[in-house]
Each structure stands twice: as C-alpha cells, then as structure tokens.
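J.: Just a sequence and a predicted model for now, questions to come.
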Amino acid sequence: MTNAQLVESAGLFGKDYSTGKQGYNLAAVVLLGKDEVIRSLCPTYKTDALVRQHDTNRHDDRLVATTNLIDAYAQIAGFCRKHLPDRFLMEGDFALSPRDTIVRELVVNCLIHREFTSPFPAKVIIDNEGIRTENASRASFEGPLEPDTFSPLPKNPLIASFFVHIGLAEELGSGTRELFKNSRLYTGRDPELEEGLIFRAFVPTVPAAETVHSPLGQHTTRADEPDEAVALALKLAESAEGVRTADLANTGISRRTALRIISELVEQGKLAPQGNGRSRVYRRCPR
C-alpha cells in the first residue's frame with residue numbers, strides 16, 4: 001500500500017458530506033501534521049511537561065510539546081523517563097520496567113483522550129510524590145475510576161485506533177488495568193484516576209514502605225490514613241443522600257486524598273457507586 005492508501009485506510013482522509021469536498025480530517029492533522037498546520041487549526045494545543053521536585057513554585061525542568069502527537073509522545077515519554085527512577089523487577093526469567101509502562105500509559109492517555117478544542121493546556125507534572133497528568137476531556141460522568149467497575153468510552157476513536165496499530169496502545173480500557181498493575185509493581189500503591197471535564201491521573205513514585213518528606217518538614221507514610229475522613233465518608237454513605245468526593249473535599253482535606261479514600265473503600269467492599277455523571281454517589285454496602 002502507498003502512504004496515501006495507508007492514511008485513507010486509517011480513516012484520516014475522507015469526504016465532508018456537507019460540502020462534498022475530500023481531504024484530511026483533524027485527526028490526521030494532530031497525528032501527523034506539521035507544527036504550523038496544527039497551530040492554525042488548534043491554536044491552544046500544547047502539552048506542558050514539568051519537573052517540580054526542588055523548586056515547587058516554578059519548575060526544575062520543563063518541556064513544552066506543540067508538535068504532532070507521534071513526535072510529542074516521543075518527546076514527553078523521553079522527558080519522563082529521564083526524571084523517574086527505573087526500579088529493577090524480575091517476573092520469572094524476564095526483567096520488567098514498570099516505569100516505562102506507567103509513562104507510556106499516562107502519556108498516551110493524555111495525548112489521545114483529550115478535548116482538542118478546549119483552551120485548557122494538558123500537563124504532565126513530576127513532583128516529590130509521583131507523576132500526574134491533567135487534560136481537558138469529554139466525560140460521561142465525574143468521579144474516581146476503578147479498574148473493575150468503569151465502562152470506557154472512546155473520546156477520539158480514529159486517533160486511538162492509530163495508536164493501537166503502531167503498538168503504543170491496546171484495546172479500550174486495557175490501559176487503566178495496566179496502570180493499576182504496574183503502579184502496584186512500581187511502589188506497592190494504586191494510582192488515582194478522576195474522570196470529569198478535566199481528567200486527572202496520579203501515579204505515586206514513592207514506595208508504600210518509605211517515608212515521604214513534605215516541603216514543610218513533616219513526615220508521613222502510606223499507613224498514615226486520615227481516620228477521621230474515612231469515618232466521615234462511611235457515616236455520610238449511610239445517609240439517604242450518600243457521599244460524594246466533593247463532600248469530603250468540602251471538609252478541608254485535599255481532593256486527591258478524598259478520591260483515594262473513596263476508591264479504597266470501594267475496593268474494600270465498604271462502599272458501592274450508584275448513578276452516573278454528576279449524580280454519582282457512594283452508599284454503604286450491607287454488612
């Protein structure tokens with residue numbers, strides 16, 4: 001097949017039935033286009049990669065990717081691998097790199113499942129706690145994602161299909177399961193994924209048994225769960241209204257902590273999600 005036939009078979013060249021004209025679509029432009037063409041069609045498109053480990057107010061290192069998605073993936077993935085430790089791990093007779101899988105899944109998700117018309121800039125941030133991403137999304141619901149209960153929906157199917165065919169992605173939903181699996185291998189901890197108009201993902205890089213040193217000199221560990229917040233979540237879940245992530249966040253704890261508490265209570269079988277979108281709440285499971 002020629003290059004033109006390959007592009008057409010990928011759904012990147014087609015006909016606009018409203019005008020009758022044929023040409024490349026937006027997916028083709030952001031996947032393979034030149035920077036100036038992408039900038040003319042998506043002027044707010046960029047991915048900002050930052051390292052904030054010493055200078056937490058600004059950054060220690062930075063990469064701004066404004067090129068097409070294929071080149072942007074290579075740039076951002078290389079940037080993340082440079083700043084994250086690659087811990088040695090054996091599975092049978094083979095050496096594995098959970099770090100590389102985590103980087104691939106986070107960066108690919110941030111690039112292909114985003115809302116390209118939104119002015120919200122996509123971010124990849126590496127700090128002293130882990131690596132996190134933020135990108136605009138077209139969400140079917142708001143709240144934390146659990147690997148065994150969520151129903152994946154394609155945001156940009158042509159772009160996702162292209163990444164599948166070049167080996168950087170797999171079937172829809174498998175990336176979330178891979179992220180949970182490799183996060184547990186990497187640190188013994190689960191990632192935190194929050195769906196919404198802004199999709200947020202966080203993968204910890206500090207092992208569960210290690211102490212985290214905060215900028216204020218405080219020392220916390222994975223075992224130091226906010227017991228009061230857990231008790232409050234369970235109490236609210238027994239009410240007729242149930243509990244939402246926002247209910248815990250309104251009490252003064254961070255939204256990330258609230259997400260983690262609810263996700264862990266769901267995993268432990270103490271809470272069950274009900275409803276979708278903004279109406280999703282969590283109720284206490286029968287004892």
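T.: Right, received. Where do you want to start? Numbers count the residues shown, from 1 in each chain.
J.: quick one: contacts for residue 109?
T.: For residue 109, the contact set (Cβ atoms under 8 Å, 6 or more residues apart in numbering) comprises 133, 175, 199, 201. For the C-beta atoms, the positions are set from N, CA and C on the backbone; glycine is no exception.
J.: List just the nearest of those residues to residue 113.
T.: residue 199 (7.0 Å; Cβ to Cβ).
J.: So that closest one is in contact with residue 137, correct?
T.: Yes - between residue 199 and residue 137 there is a contact under Cβ atoms under 8 Å: 4.0 Å.
J.: Distance to residue 59 added to the contacts of residue 109, as TSV?
T.: As requested, the contacts of residue 109 are exported to TSV (distance: Cβ to Cβ, whole Å):
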residue	distance to residue 59
133	15
175	27
199	22
201	19
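J.: Helix, strand, or coil at residue 14?
T.: strand (DSSP: H, G, I helix; E, B strand; the rest coil).
J.: how about low-confidence regions in the stretch 101-250 of the chain?
T.: Low-confidence regions of the stretch 101-250 of the chain, defined by pLDDT under 70, span residues 149-152, 173, 209-226.
J.: try 80
T.: 139-142, 146-154, 171-173, 208-227, 240, 249-250 (pLDDT under 80).
J.: Name all residues that make contact with the closest residue to residue 96 other than its chain neighbours.
T.: Leaving aside its chain neighbours, residue 96 sits nearest to residue 89 (4.7 Å; criterion: Cβ to Cβ, 6 or more residues apart in numbering). By Cβ under 8 Å, 6+ apart, the contact set of residue 89 is 95-98, 185.
J.: Tell me how far residue 89 lies from residue 228.
T.: 36 Å (Cβ to Cβ, to the nearest Å).
J.: again, but for residue 83
T.: 35 Å.
J.: More neighbours: which of these two?
T.: Using other Cβ atoms under 10 Å as the criterion, residue 83 and residue 228 rank with residue 83 on top: 15 against 10.
J.: residues in contact with that one?
T.: 51, 53, 61, 126.
J.: centroid residue for the chain?
T.: residue 201 (3.5 Å; Cα atoms, centre = their mean).
J.: Kindly format the C-alpha coordinates of the one helix or strand that one maps to as PDB.
T.: For residue 201, the host element (DSSP states H and E) is strand 198-204. Provided in PDB are the C-alpha atoms of strand 198-204 (Å, rounded to 0.1, in the frame of the first residue of the first chain):
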ATOM      1  CA  ILE A 198     -10.700  17.800  33.400                       C
ATOM      2  CA  PHE A 199      -9.300  14.200  33.500                       C
ATOM      3  CA  ARG A 200      -6.700  13.800  36.300                       C
ATOM      4  CA  ALA A 201      -4.400  10.900  36.800                       C
ATOM      5  CA  PHE A 202      -1.800  10.400  39.500                       C
ATOM      6  CA  VAL A 203       0.700   7.500  39.900                       C
ATOM      7  CA  PRO A 204       2.800   7.600  43.100                       C
END
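J.: residues of that strand that come out buried?
T.: The neighbour-count check on strand 198-204 (16 or more other Cβ atoms under 10 Å) flags 198-204 as buried.
J.: For the stretch 151-287 of the chain, which segments are assigned as strands?
T.: 192-195, 198-204, 212-213, 219-220, 271-274, 281-284 (DSSP state E, counting those that start in this stretch).
J.: Of all the ones you listed, which one comes closest to residue 72?
T.: strand 198-204 (17.0 Å).
J.: residues making contact with that closest one?
T.: Against strand 198-204 from outside (Cβ under 8 Å, 6+ apart): 102, 106, 109-110, 113-114, 120, 129-137, 139, 179, 183, 186-187, 189, 191-194, 256.
J.: Many thanks, have a good one.
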